[in-house]
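Asker: Coordinates for the following, if possible.
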Amino acid sequence: MHGIVLIGVMIVTGGLIAFIGDKIGTKIGKKRLSIFGLRPRHTSIIITIITGILITGLSIGTLAIVSKDVRTALFGMEELNAAIASTRSAEEYKRADAELSTARDEISNLKNEQQELEKESERLKEGNERLETEKNQLLAQNENLSNTNENLINANKNLSDTNSELENKNNALSETNNTLTQDNEKLSKDKSELEEHTKNLRDGLIAIREGDIVFRAGEVLASAVIKGNRSVESVSSDMNRLADEVSKNIAERFGDSTDSSVWIYQPELQSAIDTISKSKQDVVIRISAAGNLVRGEPIRTSLLLYPNEDIYSANDYIFSHSYEVKTNEDIERIVREFLTEVNHAAVEKGVLPDPITGNVGVMEGTQLYELMDKISASRGKITLIARARENVKSIGPLRLNIKVDQKKK
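Answerer: You can find the predicted model right below:
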């Protein structure tokens, strides 16, 4: 507020002096006065300058008279600055001293805290050492536990393997037990059948002593080729038809004078059916007499299986041999020996022989006479060559073409 008053005073004073100066200048201008012999215009300029000086001087003087602060600012500024500087230094010293005291207290506190921290550091160091020791112990225990765990895992694996092996053995034993149980039941059944078969054989022996033998042991009652690689039902149907054919042939052969029912051992029959159904090729089956059969008793049989393979093609070479014909008595011997050798060769090749006669071929009487006539017409060294007349399989029969080749002298 005091500053505003001072400004107002200076404005009024300045305006008043300017007004007075203007009036004086105007009067001097009008009167064309001259000071120091100057021109009126120059005199007016000097008056204006003097007026401005008076305005400034009177303004400063008025301010100095009216305000102590202005006087201090005009004449005591250096002392004021020195006092301000002194006051500021004292305050700064006090503040610095206070700050120093505070710093000393803080240093003391920091030293105390440092000592506490050093003690805490020692405690932490000791605790760290203990933790390090415990860590090493835990690592050692962990390693021991890892080794123990690995040993337990290996032991568990071994136990699992052993358990699996024991389980497999248990399953195998269970299957074996089931198989043995089935075999036992089958053996019991077979035992009953064998007992019955023994009884029948005993009865048959008695009948042999008292009756006529109609079939010799091993005699083929029927034979046929059954296709393999088929269902069990299909093969079983073919086997039943073959057994019926045997019964029919026997009935036609002996009429009502003998029992025409065919008895086949069931396990043997089932085994034959399974074998044929699994075979990749056709199978020759022969139903043969199981023993000497007496007229009036059931026909007990056995089954023989052979693969029905291709043995000879038409005109295939079978056997040849050289002979010397001297007399007619030699002809029959040569034919008999040659046919025996041909029969042996065909059997070794795979043609099935008749179990009773051992023969594999069929030779018509006319062919035999023609062969003997050809040999009779040739004297000296001859070679007989036997070839297959047609394709021959295992079941036979073997039909021959025999060539007589006389060596030239």
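
Asker: What is the least confident helix or strand in this protein?
Answerer: Lowest on mean pLDDT, DSSP states H and E among the helices and strands of the chain sits helix 68-75, with a mean of 67.

Asker: Helix or strand next in line after it, which one?
Answerer: Downstream of helix 68-75, the first helix or strand assigned by DSSP states H and E is helix 77-210.

Asker: Let's test this: mean pLDDT of that following helix, rounded?
Answerer: Helix 77-210 carries an average pLDDT of 74.

Asker: So which other helices or strands are in contact with the helix or strand that it is followed by?
Answerer: Using DSSP H and E, the helix or strand that follows helix 77-210 in sequence is strand 213-215. For strand 213-215, the elements it packs on are strand 293-294, judged by 3 or more Cβ pairs under 8 Å, 6 or more residues apart in numbering; DSSP states H and E. Glycine gets a C-beta too; all of them are placed from N, C-alpha and C.

Asker: now do 10 Å
Answerer: Counting contacts by 3 or more Cβ pairs under 10 Å, 6 or more residues apart in numbering; DSSP states H and E, strand 213-215 packs against helix 232-254, strand 283-289, strand 293-294, strand 299-307.

Asker: Direction included, what does the last one pair against?
Answerer: When sheet partners are counted by DSSP bridges, strand 299-307 sits next to strand 262-264 (parallel), strand 283-289 (antiparallel).

Asker: Now render those strands as JSON lines, adding distance to Val225.
Answerer: Below are the strands paired with strand 299-307 laid out as JSON lines (distance: least, Cβ to Cβ, whole Å):
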{"stretch": "strand 262-264", "distance to Val225": "18"}
{"stretch": "strand 283-289", "distance to Val225": "6"}
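
Asker: winner for burial among these?
Answerer: Most buried of the strands paired with strand 299-307, by mean neighbour count (mean count of other Cβ atoms under 10 Å): strand 283-289, with a mean of 21.

Asker: contacting residues around Arg230?
Answerer: 237-238, 276-279 (Cβ atoms under 10 Å, 6 or more residues apart in numbering).

Asker: hmm, 6 Å instead?
Answerer: Residues near Arg230 by Cβ atoms under 6 Å, 6 or more residues apart in numbering: Ser277.

Asker: so which helix or strand takes in it?
Answerer: Per DSSP H and E, there is no helix or strand for Arg230.

Asker: that older thread, which stretch in the helices and strands packed on strand 213-215 has the least confidence?
Answerer: What stands lowest among the helices and strands packed on strand 213-215, in mean pLDDT terms, is strand 293-294, with a mean of 72.

Asker: what's that strand packed up against?
Answerer: strand 213-215 (3 or more Cβ pairs under 6 Å, 6 or more residues apart in numbering; DSSP states H and E).

Asker: follow-up on the earlier one: any idea which of the helices and strands packed on strand 213-215 is most buried?
Answerer: strand 293-294 (a mean of 24).

Asker: How far away from the center of its chain is that strand?
Answerer: 66 Å (Cα atoms, centre = their mean, to the nearest Å).

Asker: Any stretches of the stretch 251-400 of the chain with poor pLDDT?
Answerer: In the predicted model, the stretch 251-400 of the chain carries pLDDT under 70 at residues 254-260, 296.

Asker: can you pull out the helices in it?
Answerer: 266-278, 329-349, 365-377 (DSSP state H, counting those that start in this stretch).

Asker: Please spell out which residues along the last one are buried.
Answerer: Along helix 365-377, these residues count as buried under the neighbour rule (16 or more other Cβ atoms under 10 Å): 371, 374-375.

Asker: That helix vs helix 329-349, what angle?
Answerer: Using axes from the mean of the first three to the mean of the last three Cα atoms, to 10 degrees, the direction of helix 365-377 lies 120 degrees away from that of helix 329-349.

Asker: Name the member of the buried residues of helix 365-377 with the shortest distance to Ala224.
Answerer: Leu371 (31.3 Å; Cβ to Cβ).

Asker: so the closest residue to that closest one other than its chain neighbours is in which element?
Answerer: Once flanking residues are discounted, Leu371 sits nearest to Ile402: 5.4 Å by Cβ to Cβ, 6 or more residues apart in numbering. Using DSSP H and E, Ile402 falls within strand 400-406.

Asker: how distant is that strand from the center of its chain?
Answerer: For strand 400-406, the distance to the chain centre is 69 Å (Cα atoms, centre = their mean).

Asker: Give the other helices and strands that it contacts.
Answerer: Strand 400-406 packs on strand 380-388, going by 3+ Cβ pairs under 6 Å, 6+ apart.

Asker: Could you list every helix and strand that the strand it packs on packs against?
Answerer: Under the contact criterion of 3+ Cβ pairs under 6 Å, 6+ apart, strand 380-388 touches strand 317-325, strand 400-406.

Asker: Could you dump those into JSON lines and include distance to Glu134 and mean neighbour count?
Answerer: Below are the helices and strands packed on strand 380-388 laid out as JSON lines (distance: least, Cβ to Cβ, whole Å; neighbours: other Cβ atoms under 10 Å):
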{"stretch": "strand 317-325", "distance to Glu134": "99", "mean neighbour count": "16"}
{"stretch": "strand 400-406", "distance to Glu134": "105", "mean neighbour count": "16"}
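
Asker: shouldn't Ala388 be in contact with Asp316?
Answerer: Yes - counting by Cβ atoms under 6 Å, Ala388 touches Asp316, with 4.7 Å between them.

Asker: neighbour count winner among the two?
Answerer: Set Ala388 next to Asp316 and count neighbours by other Cβ atoms under 10 Å: Ala388 wins out with 21 against 15.

Asker: Find the nearest non-adjacent residue to that one, please.
Answerer: Counting by Cβ to Cβ, 6+ apart, the residue nearest Ala388 is Tyr312, at 3.9 Å.
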